[in-house]
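Undergrad: Sequence and predicted structure are below.
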Amino acid sequence: MSSSNAWYLRCGPEDVGESAVLVGDRGRVLLAADLLDDAVILNEDRGLTTATGYHEGQRITVSAFGMGAPIAAVVMHELAGLGVRRFVRLGTVMTLGETQLGELVVAHGAVRGESTSASYLPVEFPAVPDFPLTAQLERSVAAAGVPTRSGIFATYDGFYTDMFETGFGSRPVAERYEALARVGVVAADMETSALLVAARALGVAAGSLCLASVSGADNSKMEHSARVAAEAELLRAGFDALATSAAAADPTPVPAA
């Protein structure tokens, strides 16, 4: 292993593209590897499965982080250190307000209800995405003809305390969600605000596009087959947005290995 390899991802600058997708489920990396051209699995240590391949001639790395803001920020931090310049989180969210199951939801910003982002920038700093990359995400989803919505996310650390009612949280979850929905928040997750703030601190571009797979109102879920199909559309839209953004930044395609 090279001394320049990332601590946990165990790969080097030569192994990654300038664009990356961050996913929670490592199985989504394997699905991504099937969708990319000439994909190579780089790491499976600690479940941080990572692969690099090509989409429309642009080199894209896909990394899994599991669940939660702390490890998602670690993976972003290591990839940024290896030379990745733009990131898209492709994951799942709980619906809030008018958001419907099965929609792809683009983040225009996020409520900082987690703690990881404060280790990068003070809480006064807003969690906002890179606007050109976000606009491209919206164009890519629209071009795919998939139901979509854009708006503010809310991000929390405690799934069973902040997002899913079990009686252990400091505030009833339904009360929190109703208050968020009244001010236009459209989705809740565990990573987006931390990644948007960390990206600003690290000097890289980031956006978040997620599948609304669980209802925040009654915890109902998408059917498995519909979710699998929607996750493939999610990955394709993310790849299209990153490849288009990379081509705009450097119109010379990277030759496939």
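TA: The structure has been received and is ready for your questions. Residues are numbered from 1 along each chain as shown.
Undergrad: Can you show me the helices along the protein?
TA: Ranges of helices in the chain, per DSSP state H, are 26-35, 69-82, 131-144, 173-182, 192-202, 224-249.
Undergrad: Just name the most buried of those.
TA: helix 192-202 (a mean of 26; mean count of other CB atoms under 10 Å). Where you see a C-beta, it was placed from the backbone N, CA and C, and this is true even at glycine.
Undergrad: Pipe the helices of the chain into TSV and attach mean pLDDT per row.
TA: TSV is the format used below for those (pLDDT from 0 to 100):
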stretch	mean pLDDT
helix 26-35	94
helix 69-82	98
helix 131-144	96
helix 173-182	96
helix 192-202	98
helix 224-249	95
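Undergrad: Any idea which of the ones you listed gets closest to residue 215?
TA: Closest to residue 215 of these is helix 173-182 (CB to CB; 10.3 Å).
Undergrad: Please name every helix or strand in contact with the closest one.
TA: Based on contacts counted as 3 or more CB pairs under 8 Å, 6 or more residues apart in numbering; DSSP states H and E, there is no element that helix 173-182 packs against.
Undergrad: Alpha carbons of that helix, in CSV - could you do that?
TA: Below are the C-alpha coordinates for helix 173-182, written out as CSV (Å, rounded to 0.1, in the frame of the first residue of the first chain):
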residue,chain,number,x,y,z
VAL,A,173,-40.9,13.1,16.1
ALA,A,174,-44.3,13.9,14.7
GLU,A,175,-44.2,17.4,16.3
ARG,A,176,-40.7,18.0,14.9
TYR,A,177,-41.7,16.9,11.4
GLU,A,178,-44.9,19.0,11.5
ALA,A,179,-42.8,22.1,12.4
LEU,A,180,-40.3,21.5,9.7
ALA,A,181,-43.0,20.9,7.1
ARG,A,182,-44.7,24.2,8.0
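Undergrad: Next, the residues that contact it from outside, please.
TA: 96, 97, 111, 154, 162, 163, 164, 165, 188, 216, 217 (CB atoms under 8 Å, 6 or more residues apart in numbering).
Undergrad: tell me the pLDDT at residue 146?
TA: Per-residue confidence (pLDDT) for residue 146: 88.
Undergrad: Any figure for the gap between it and residue 21?
TA: 17 Å (CB to CB, to the nearest Å).
Undergrad: Settle it for me: which of these two has more neighbours?
TA: Neighbour tally, residue 146 and residue 21, criterion other CB atoms under 10 Å: the higher count belongs to residue 21, 28 against 17.
Undergrad: Tell me how many other residues crowd the nearest residue to the more buried one once chain neighbours are set aside.
TA: Closest residue in space to residue 21, ignoring its immediate chain neighbours: residue 62 at 4.5 Å, by CB to CB, 6 or more residues apart in numbering. Residues near residue 62, counting by other CB under 10 Å, number 31.
Undergrad: correct me, but residue 62 touches residue 23?
TA: Yes: using CB atoms under 8 Å, residue 62 is in contact with residue 23, at 6.5 Å.
Undergrad: list the residues that contact both of the two?
TA: Shared contacts of residue 62 and residue 23, counting by CB under 8 Å, 6+ apart, come down to 29, 32.
Undergrad: hmm, back to that, could you dump the helices of the chain into CSV with distance to residue 14 added?
TA: Output for the helices of the chain, formatted as CSV (distance: least, CB to CB, whole Å):
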stretch, distance to residue 14
helix 26-35, 18
helix 69-82, 9
helix 131-144, 24
helix 173-182, 43
helix 192-202, 20
helix 224-249, 17
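Undergrad: Now, of the contacts of helix 173-182, which are buried?
TA: Buried subset of the contacts of helix 173-182 (neighbour count, 16 or more other CB atoms under 10 Å): 96, 97, 111, 154, 162, 163, 164, 165, 188, 216.
Undergrad: Residue 37 contacts residue 55, doesn't it?
TA: Yes: assessed by CB under 8 Å, residue 37 is found in contact with residue 55 at 7.0 Å.
Undergrad: Quick check: residue 230 vs residue 244, distance?
TA: Distance from residue 230 to residue 244, by CB to CB: 21 Å.
Undergrad: With residue 32 instead?
TA: Distance, residue 32 to residue 244, by CB to CB: 17 Å.
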